[in-house]
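>>> Dropping a prediction and its sequence here:
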Amino acid sequence: MIRVLGLAAEAGIPETLAAFSGPDVRLHTPDFPIGHLGVSWSGPRLGGSYRFRRARTGWGPWLPLSPGDPSTSGRRTALVPAGHAVAYQLTPPPGAVDVETVAINTTDGPIVTAPAASRQLRGFRFVSRAGWGADESLRFGADGSEIFPQAYFGVQTLTVHHTVTANLDPNPASTVRAIYFFHTVSEDFGDIGYHLLIDQNGTVYEGRYSGPDPTPVFNGHLGDEPQLCNATHAGGFNAGNLGIALLGDFTSAVPTPAARTTLVRVLAALASSTGVDPLGQVNYVNPISGATRTVPAIATHRNWSPTACPGDSLYPDLPELRAEVQALLLATDGPLG
């Protein structure tokens, strides 16, 4: 699990939340190995940079900060792999305000090499929340109540994302833990925002906690009208919207063949189970707020909000991906997965 070292005695805030504000370069040296660095800010997209110091090699080069995608709060966020860094410095984009950083210790925990089988996602290499090391206590407030309780809705759309993290990831489970911490604690989502994640090897990771039953994503059974657990991957349009994220940054790179193949198969399995038409358009209606949007049945994050997600290299591939999902459904007898 994510090991949080040290608590601020008065506020009860983990020291991993090393926050600061201001436009100048700041040095931060937490007392734990830094696995990932999360950054959030308001204002301009471009111009930020960061660097890490490592115990044996000292300071590395300054690297450009990702432009960051707007979160549900409208703030820009970026999550940077740090390896085993011992310190970091950040120069925010010029004009950025309310800059916050979070050093996340994801260096401890399981390195998944043989994912457990899943009855509900048979045919996929699948890792449950326990398998990738989710610290379930993070989902609960100080009073013991769940911060983001489960709620279930009929499935209207499937949405593809990218996580803007490392493309050749030596420990994807660590990255999933970092995303979980960043979403749950730093962004106050109460849980990881995606329902499923896929790494470069084609392994599928369970995302959003969907209840005590063994079925990921849904409320314990598929049935004729499976009910989707609400998540936080598309601000304002989450209820009934199933989010699948590819681990990596596909601004200029493309997914590995293994990741892309698994994405097609997962989308086909979900479309088969939920009745979503891979080639269709959907007049989406948020059952909570009443907000509407006409989108492809297999959508991307940029269909819902002004974001670059799932990346300029992946986005043009969506028509072909939808066609491959449809072809796989037509070639398969009965439900997939």
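Ah, there it is.
>>> use CA for all of it now, contacts and neighbours both
Noted.
>>> what secondary structure does Leu329 sit in?
Under DSSP: H, G, I helix; E, B strand; the rest coil, Leu329 falls in the helix class.
>>> ok, it touching Ser272?
Yes - counting by C-alpha atoms under 8 Å, Leu329 does reach Ser272; the two are 7.0 Å apart.
>>> In the sheet, which strands lie alongside the helix or strand hosting Ala245, parallel or antiparallel?
In this structure, Ala245 sits in strand 241-246 according to DSSP states H and E. Sheet pairing of strand 241-246 (DSSP bridges) gives strand 157-162 (parallel), strand 196-198 (parallel).
>>> buried set for that strand?
Asn241, Leu242, Gly243, Ile244, Ala245, Leu246 (16 or more other C-alpha atoms under 10 Å).
>>> ok, so of those residues, who is nearest Val217?
Of all the buried residues of strand 241-246, the one sitting nearest Val217 is Leu242; the distance, using C-alpha to C-alpha, is 8.2 Å.
>>> Which residue comes closest to that closest one once chain neighbours are left out?
Leu158 (4.8 Å; C-alpha to C-alpha, 6 or more residues apart in numbering).
>>> returning to that earlier point: now for the buried residues of strand 241-246: which two are most distant?
Asn241 and Leu246 (16.3 Å).
>>> For the protein, give me the ranges with low pLDDT.
For the chain, the stretches flagged by pLDDT under 70 are 1-27, 31, 68-74, 107-123, 220-224, 333-337.
>>> Can you give the domain ranges for it?
As recorded under automatic domain parsing, the domains making up the chain are 26-104, 126-331.
>>> Quick check: phi and psi on Tyr284?
phi -70, psi 140 (degrees, to the nearest 10).
>>> and it, what are its bridge partners?
Arg293.
>>> Would you check that my belief about it contacting Arg293 is correct?
Yes - the criterion here is C-alpha under 8 Å, and Tyr284 meets it with Arg293 at 5.2 Å.
>>> Neighbour count for those two, which is higher?
Each of Tyr284 and Arg293 has its neighbours counted (other C-alpha atoms under 10 Å); Tyr284 has more, 21 against 14.
>>> can you pull the contacts of the more buried one?
Counting by C-alpha atoms under 8 Å, 6 or more residues apart in numbering, Tyr284 makes contact with Gln156, Thr157, Thr292, Arg293, Thr294, Val295.
>>> Show me the helices in the stretch 51-200 of the chain, by range?
Counting by DSSP state H, counting those that start in this stretch, the stretch 51-200 of the chain has helices at residues 129-132, 172-181.
>>> Quick one, which of the ones you listed gets closest to Ala78.
helix 172-181 (10.1 Å).
>>> In that closest one, which residues are buried?
Pro172, Ala173, Ser174, Thr175, Val176, Arg177, Ala178, Ile179, Tyr180, Phe181.
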